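In: what follows is a protein structure lacking sequence information:
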């Protein structure tokens, strides 16, 4: 079975017309994972029994002549921060190496209810802290387009699974660019929804005011279908919102006003990346869109602002991993304090420890006002910049990353260089906006480049439809 060009609608049609069964499809993807993932390391857990059980249920519905959902029988995978009842959930960390999820995350429950087939749990930077996929405690994920390069992070596994035809779509999380950047590096589509558009219940937290779950797929249409399935209010997540999402069916490119932030084309951006992005913008202009240069004056402060707020929230969220309640507990501890110290020393990797220490320092007495409170004020200014710009334009176009996928090991020993990978994506999380990474070209070496399309809050439909226009 050729898995290269399968989309959700093609699968739905094939199942209805009995060109193949859900079981045959699931087995084909499971075989692909067994064959190809030894080199890529996109999966931490393969849920073969669950997938075949779900596929069998879909086939039984079809045999009875019952209607099936658009997602029924569609093979997918999940970043290993989403709880799936009875399945290991590690967050890419040794401290949760043997943790079995006691319940389903809301997004997982929604996918199960729609009949999607869950193939497994994908690799991730530990507790989603990373921009390359190299911070996983279970080994780095490799880019399926070039195994000597990173796939991006922290949603490294979901991006690699989709790009490597080991899943039709995947769910990732985005705290500072962790859906969009790996989507860009792997040449697929990734949607970071508005904060609150998708429930975070049952998702292992990194920074609670920034985290957002979203879909990753090969086509914009597939991302749109999955987003429609997982969005909406959840009584288990007080930050989730049930707003009416704008429908843009009568969309006209000639009515579109696009802003291009001048701060996103700065010194240091790869020349090939800049050229490809500007060519994509020019293509929209040739189709009739009005392009206007705009300014986001506080964009330069987004990176330091993020690396104060995110580690602060992480230090609070990760305080629960103490070797007592759940997760890894040190064997040779002499007393209670030793349990705490040794369990975290053995369980947490260097990047997680770095961010916990940074966050704890920022929140400590004497530094809270000087750093954390000031960062929150800067966050407000960044949000206001976007609000002001969106009074004039419908959407913003920008690069996803200043460079394409880099070599494995190239930046791992230089945290500051690694953090710069997310310089164009972080401000969107700070402002809580929706944004999408759209493949728009390749460098001379064949490395994909993603165009970032940024929208107003809860205008996912608009940015998805803008992306659909690009051919």
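Out: Great, that's in hand. Worth saying up front: this structure is predicted, and the values here are computed from it rather than measured.
In: now the terminal residues of stretch 206-216, how far apart.
Out: The first and final residues of stretch 206-216 sit 20 Å from each other (Cα to Cα, to the nearest Å).
In: check which residues of that stretch are buried.
Out: Going by neighbour count (16 or more other Cβ atoms under 10 Å), the buried part of stretch 206-216 is 206, 207, 209, 210, 211, 212, 213, 214, 215, 216. For the C-beta atoms, the positions are set from N, CA and C on the backbone; glycine is no exception.
In: just name the closest of those residues to residue 55, please.
Out: Distance ranking of the buried residues of stretch 206-216 against residue 55, using Cβ to Cβ, places residue 215 first at 20.4 Å.
In: give the contact list for that closest one.
Out: With contacts taken as Cβ atoms under 8 Å, 6 or more residues apart in numbering, residue 215 has the following neighbours: 169, 170, 171, 172, 190, 191, 222, 223, 226, 227, 230.
In: go through the host helix or strand of residue 109 and flag the buried ones.
Out: Residue 109 is part of helix 106-113, with elements assigned from DSSP states H and E. By 16+ other Cβ under 10 Å, the buried positions in helix 106-113 come out as 106, 107, 108, 109, 110, 111, 112.
In: out of those residues, who's nearest residue 7?
Out: Closest approach to residue 7 among the buried residues of helix 106-113 (Cβ to Cβ): residue 111, at 16.8 Å.
In: can I assume the closest one is in contact with residue 225?
Out: No. Residue 111 is beyond contact range of residue 225, at 11.4 Å (criterion: Cβ atoms under 8 Å).
In: any shared contact partners between those two?
Out: residue 71.
In: surely residue 232 and residue 201 touch.
Out: No. Checked against Cβ under 8 Å, the pair residue 232 and residue 201 is beyond contact range at 12.0 Å.
In: who has more neighbours, the two?
Out: More crowded of residue 232 and residue 201, by other Cβ atoms under 10 Å: residue 201, with 20 against 16.
In: where is the longest helix in this protein?
Out: With DSSP state H setting the assignment, residue counts place helix 22-40 as the longest helix in the chain.
In: for that helix, what is the average pLDDT?
Out: Mean pLDDT, computed over helix 22-40, is 97.
In: now do the buried residues in that helix.
Out: Neighbour-count burial for helix 22-40, counted by 16+ other Cβ under 10 Å, picks out 22-23, 25-30, 32-33, 36-37, 40.
In: can you show me the strands along the protein?
Out: For the chain, the strands defined by DSSP state E occupy 43-46, 75-79, 117-122, 169-173, 189-192, 213-217, 257-261, 290-294, 395-399, 435-442, 448-454.
In: those: which one's closest to residue 356?
Out: Closest to residue 356 of the strands of the chain, according to Cβ to Cβ: strand 169-173, at 18.7 Å.
In: which strands and helices sit next to that closest one?
Out: Using 3 or more Cβ pairs under 8 Å, 6 or more residues apart in numbering; DSSP states H and E as the contact test, the elements touching strand 169-173 are strand 75-79, helix 156-163, strand 213-217, helix 220-230.
In: in this protein, what residue sits furthest out from the centroid?
Out: Outermost residue of the chain with respect to the C-alpha centroid, by Cα atoms, centre = their mean, is residue 334; its distance is 40.6 Å.
In: how far away is that one from residue 400?
Out: Separation of residue 334 from residue 400 (Cβ to Cβ, to the nearest Å) stands at 49 Å.
In: start to end distance for stretch 243-262?
Out: Stretch 243-262 has an end-to-end distance of 32 Å (Cα to Cα).
In: and the average pLDDT for that stretch is what?
Out: Averaged over stretch 243-262, pLDDT sits at 78.
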